[in-house]
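**Student:** give me a 3D structure for the following:
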Amino acid sequence: MTAPSHPTLRQAKGAAHTRILSYGAARGELAVDNDALVGPIDSSDEWIQQRTGIITRMRAEHDTNAIDLAIAAGTEAIATAGIDPSLIDLVIVATISNPSQTPSVAAIVADRVGANPAAAYDINAACAGYAYAVAQADALIRGGAATYALVIGTEKLSDIVDPTDRSISFLLGDGAGAALIGPSETPGISSTVWGSDGSKSDTISMTGTLTQFRDGETEWPTLRQEGQTVFRWAVWEMAKVAKRALDEAGIEASDLAAFIPHQANMRIIDQFAKQLKLPDTVKIARDIETTGNTSAASIPLASHRLLSEHPELSGGLALQIGFGAGLVFGAQVVVLP
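**Tutor:** Predicted coordinates:
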């Protein structure tokens, strides 16, 4: 029996390569030092600095939300790239702190920055969200589904912390970081190494669900983590992922101009550097010191700051890796804009 004949379908074919064209950033308006947080957790400025490397964290004012931060960061990225926003046909927002279940942050941001009617959606991959979004933007542009993509990590984590919690509350800040990604004549984003381990889903999680809160079964849900478990996983398992990302990119650690890990904890960042045997020539992002841990926003925020402080890094290679609740992880090498 012969197969029925039908017209051959067309499939899109996109740019051969992609790259990051620019970054944008928005941090919370309020600088919150350690002394402002130590009372409810019976701690000290010295303890927090030794444990995390954080001196201050930026938090947003009451009426500022993750959408506001995303719009500000996205607007800067578009302006810096010099791209007409109407050419942006894809907006991906990584966040765990959308103030509403729906609509998506991305759809609202696309409209506010002048990219309507771009395809727009949110992803929830916690602290790996930005790396996931970069991987998707790269693939969708090369696959012909988009030409220019606005990728944003945005968080208002201060809405979902318990000031009395000693496991994670003092780490967290608010902010948004954006990257505009477009076609390139040469490869600007390497293959992504990503994955998950849902067997450890309780390691970083919420204290309850919204339905439990509605039914009076729990207080307002807030973040918690098993600190030592997360630390060991990040230092040992994620260092292996970072090394795999270098292998996938076809480069050595000595080829890097910068290392931009998720800003989880300064001790984790320092251990990463040792595990990867990074030479002194590699600039290491340490935005956590004055911004705090901003989950999905941390890598683009740190990238923006690193380039602002070291413009000579432009055109160099940067290894970026995100890892967090899920547990999930994602890493790739990018050419800095």
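**Student:** just the helices in the stretch 151-300 of the chain please.
**Tutor:** In order along the chain, the stretch 151-300 of the chain carries the following helices (DSSP state H, counting those that start in this stretch): 210-214, 227-232, 238-249, 266-276, 288-291, 298-309.
**Student:** the last one to helix 266-276, inter-axis angle?
**Tutor:** Angle, helix 298-309 to helix 266-276, by axes from the mean of the first three to the mean of the last three CA atoms, to 10 degrees: 80 degrees.
**Student:** and helix 298-309, what does it pack onto?
**Tutor:** For helix 298-309, the packing partners by 3 or more CB pairs under 8 Å, 6 or more residues apart in numbering; DSSP states H and E come out as strand 17-27, helix 129-142, strand 149-156, strand 174-184, strand 258-261, helix 288-291, strand 317-324. Placement of C-beta: from N, CA and C, glycine included.
**Student:** what's the longest helix in this protein?
**Tutor:** Longest helix of the chain, by residue count under DSSP state H: helix 66-81.
**Student:** point out where the protein drops to low pLDDT.
**Tutor:** Applying pLDDT under 70 to the chain flags the ranges 1-4.
**Student:** sorry, back to before: partners of the following helix or strand past the longest helix of the chain in the sheet?
**Tutor:** Next in sequence after helix 66-81, counting helices and strands by DSSP states H and E, comes strand 90-94. Sheet partners assigned to strand 90-94 using DSSP bridges are listed as strand 119-123 (parallel), strand 149-156 (parallel).
**Student:** tabulate those (TSV), appending mean neighbour count and distance to Q225.
**Tutor:** Converted to TSV, the strands paired with strand 90-94 look like this (neighbours: other CB atoms under 10 Å; distance: least, CB to CB, whole Å):
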stretch	mean neighbour count	distance to Q225
strand 119-123	20	21
strand 149-156	33	15
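**Student:** so which of these comes closest to S199?
**Tutor:** Of all those, strand 119-123 sits nearest to S199, with 21.2 Å by CB to CB.
**Student:** what's in contact with stretch 70-80?
**Tutor:** Contacts to stretch 70-80, defined as CB atoms under 8 Å, 6 or more residues apart in numbering, come from residues 22-26, 85, 88, 91, 93, 95, 105, 108-109, 112-114, 150, 152, 154, 175-180, 297, 300.
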